[in-house]
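K.L.:
structure, please.
(one chain, ligands or ions: 1)
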Amino acid sequence: MSELTVEQVMELAPVIPVLVVDRVEDALTIARALVAGGLPALEVTLRTPAALDVIREMSQVEGAVVGAGTVLNPDQLDAAMAAGARFVVSPGLTEPLGKAAIAANIPFLPGTATAGDIMRGMDMGLTHFKFFPAETSGGLPALKALAAPLHTARFCPTGGITLESAPTWLAQPFIKCVGGSWVVPKGPVDGAKIEQLARAAAALPRG
Ligand SMILES: O=C(O)C(=O)C[C@H](O)[C@H](O)COP(=O)(O)O
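P.N.:
Okay, here's the model as predicted:
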């Protein structure tokens, strides 16, 4: 259960940082730096063995709204929610995962890249989607072409987006936020650097 709607999660900041965290010891430093920099919605990808513990740790940080990314199936959805995830993101939309997320009443951003993906989501009652992988799926021209007929859908493009390219995406009315990993660079964790990158991302204007 989450007290936020998916729209509210997307409106927290212009950027949802996509996090791949290997060491649970780094979780608090990363989350505090991102929240201090103005990015409260944190997507912890289930790509590392530490991910569920990282969600638990980060959830203790005041102001953080911690979600799970790379959620592939209902079992992972359950595990993420048990760890405290308040929203979930997936690279693609399957019927089992979509139904489970709707039944669990948790904000869900399924990855979509085609009209068929988005229409299947709409049939399930979903209204907000990740556009993934954004740059290699045709970039903004592709999403504009999809959003024209599917005009009620709202998007969080993710995949290949940078601080420099984000403003062009965010200027579109059908785009609520973007996702990106650039805010937390790979390598040793530097809280001051992360906070600085978060501040720049949080200051991006939205359309
Ligand atoms: O697996 C998921 O659910 C994901 O969220 C994948 C991420 O969207 C991308 O890995 C982020 O892409 P970059 O910003 O280009 O690094």
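
K.L.:
make it CA atoms for all contacts and neighbour counts henceforth
P.N.:
Fine.

K.L.:
how many residues are close by the nearest residue to residue 189 once chain neighbours are set aside?
P.N.:
Among residues not flanking residue 189 along the chain, residue 26 sits closest, at 6.9 Å (CA to CA, 6 or more residues apart in numbering). Residue 26 has 17 neighbouring residues, counting by other CA atoms under 10 Å.

K.L.:
quick check: the gap between residue 26 and the ligand.
P.N.:
Using CA to the nearest ligand atom, to the nearest Å, one gets 19 Å for the distance from residue 26 to the ligand.

K.L.:
wait, is that residue part of a strand?
P.N.:
No - read with DSSP: H, G, I helix; E, B strand; the rest coil, residue 26 is helix and lies in no strand.

K.L.:
so it touches residue 187, yeah?
P.N.:
No - contact criterion CA atoms under 8 Å: residue 26 and residue 187 do not qualify, at 11.2 Å.

K.L.:
which residues in the chain form strands?
P.N.:
With strands called from DSSP state E, the chain shows them at 15-19, 41-45, 65-69, 88-90, 108-112, 128-131, 154-157, 178-180.

K.L.:
do any residues in the fourth one lie close to the ligand?
P.N.:
Yes - part of strand 88-90 sits near the ligand under the criterion CA under 6 Å from any ligand atom, namely 89-90.
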